[in-house]
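S.K.: Below: sequence and its predicted model.
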Amino acid sequence: MWHDNVSLPRDLYDKICSIVSDKLVGTRTVHVSNNDTGKLYYTTYGEDGSDWPEDVIEQISEFYEQLFVSKMMFQLGLLERSEWKFNYWIQGSNCDTIGHKPHTHFSGNEIISWCHIIKAPIPDEPCFHFFRNTPEGTIDGEGYRTVFGSVYEKLYPEQKTGDINAWPAWSMHAVDATSSKETRIVIAGNISLEKMTDGESLMQHKRDGMTVTWNIKELS
Ligand SMILES: [Fe+2]
């Protein structure tokens with residue numbers, strides 16, 4: 001739904017590459033499937049970022065805040081009629097680590113998910129992909145994957161260094177393992193909606209534990 005190609009400031013890029021490459025060395029081996037184990041990619045997902053230098057986290061947050069305000073949310077026409085916040089996580093992988101299984105980011109108020117390719121050592125190597133339903137009878141094989149009993153075709157967007165793609169948070173996606181010896185680095189996250197209006201109604205989000213409700217008020 002939205003795409004651009006943007007570069008991080010050089011000093012920030014260098015710091016992130018160095019930190020992620022160091023941290024990737026320490027990732028653990030995990031159970032993947034029957035009798036199959038693999039080394040886990042590095043991720044800050046579910047972490048609070050406190051083991052990262054504060055100035056780096058601040059610079060990253062400022063970079064995306066500015067990008068979303070000046071470009072993405074502006075170009076999607078959401079800037080002036082919604083209240084939203086964003087989060088992100090930083091991931092690193094290489095040819096020794098596993099891919100990322102099919103998943104979505106939606107849990108009630110995430111409306112946009114995004115992934116910024118910080119460093120793709122092999123230009124446009126197809127790793128990140130979406131899934132498209134296929135007609136009945138399609139054979140599972142290369143370029144396809146069975147998820148929850150249905151066969152899907154894998155769709156690979158552009159993913160060279162600097163590419164940032166945004167999609168609806170309900171869209172299922174996955175990442176194939178990279179064949180790169182060098183560290184492949186991405187920063188991914190969500191835009192979560194707090195309030196939105198179309199001029200006729202005001203939609204307001206409330207989260208109570210695992211329950212999400214939307215209060216809809218008609219505007220006169
Ligand atoms: Fe994801």
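M.R.: Alright, I've got the coordinates. Numbers count the residues shown, from 1 in each chain.

S.K.: The one helix or strand in the chain whose mean pLDDT sits lowest pairs with which strands, parallel or anti?
M.R.: Ranked by mean pLDDT, DSSP states H and E, the weakest helix or strand in the chain is strand 29-33, scoring a mean of 75. Strand pairing for strand 29-33, determined by DSSP bridges: strand 36-39 (antiparallel).

S.K.: can you tell me the average pLDDT over the strand it pairs with?
M.R.: The average pLDDT for strand 36-39 rounds to 81.

S.K.: Tell me, please, where in this structure the pLDDT is lower than the cut-off.
M.R.: 33-35 (pLDDT under 70).

S.K.: Check the gap between the residue nearest the centre of the chain and L67 for me.
M.R.: Per CA atoms, centre = their mean, the C-alpha nearest to the average position across the chain is that of A188, at 3.3 Å. According to CB to CB, to the nearest Å, A188 stands 14 Å off from L67. For glycine as for every other residue, the C-beta is placed from the backbone atoms N, C-alpha and C.

S.K.: picking up where we left off before, for the strand or helix carrying the residue nearest to the centre of the chain, buried residues please.
M.R.: For A188, the enclosing helix or strand under DSSP states H and E is strand 184-197. The neighbour-count check on strand 184-197 (16 or more other CB atoms under 10 Å) flags R184, I185, V186, I187, A188, G189, N190, I191, S192, L193, M196 as buried.

S.K.: picking up where we left off before, contacting residues for the residue nearest to the centre of the chain?
M.R.: When contacts are counted by CB atoms under 8 Å, 6 or more residues apart in numbering, A188 touches Y88, W89, Q91, S113, W114, C115, H116.

S.K.: try it again with 6 Å
M.R.: C115 (CB atoms under 6 Å, 6 or more residues apart in numbering).

S.K.: Name the nearest of the buried residues of strand 184-197 relative to F131.
M.R.: Nearest to F131 among the buried residues of strand 184-197 is A188, at 16.7 Å by CB to CB.

S.K.: what's the distance between that closest one and E142?
M.R.: 25 Å.

S.K.: cool, N87 as well?
M.R.: To E142, N87 is 34 Å away according to CB to CB.

S.K.: Between those two, tell me which one has more neighbours.
M.R.: The neighbour comparison of N87 against E142 (other CB atoms under 10 Å) goes to N87, with 14 against 6.

S.K.: which ones are touching that one?
M.R.: Shown in contact with N87 (CB under 6 Å, 6+ apart): G189, N190.

S.K.: just S82 next, same as before
M.R.: With contact taken as CB under 6 Å, 6+ apart, S82 is in contact with L193, M196.

S.K.: Then the one 4 residues further on?
M.R.: Taking CB under 6 Å, 6+ apart, we find F86 in contact with G189, I191.

S.K.: How about E153?
M.R.: R132, T134, Y144 are the contacts of E153 under CB under 6 Å, 6+ apart.

S.K.: all helices of this structure, in order?
M.R.: 10-24, 54-67, 73-75 (DSSP state H).

S.K.: and the ones you listed, which is most packed in?
M.R.: Among the helices of the chain, ranked by average contacts under mean count of other CB atoms under 10 Å, first place goes to helix 10-24 (a mean of 16).

S.K.: What is that helix packed up against?
M.R.: Helix 10-24 is packed against no helix or strand, with contacts defined by 3 or more CB pairs under 6 Å, 6 or more residues apart in numbering; DSSP states H and E.
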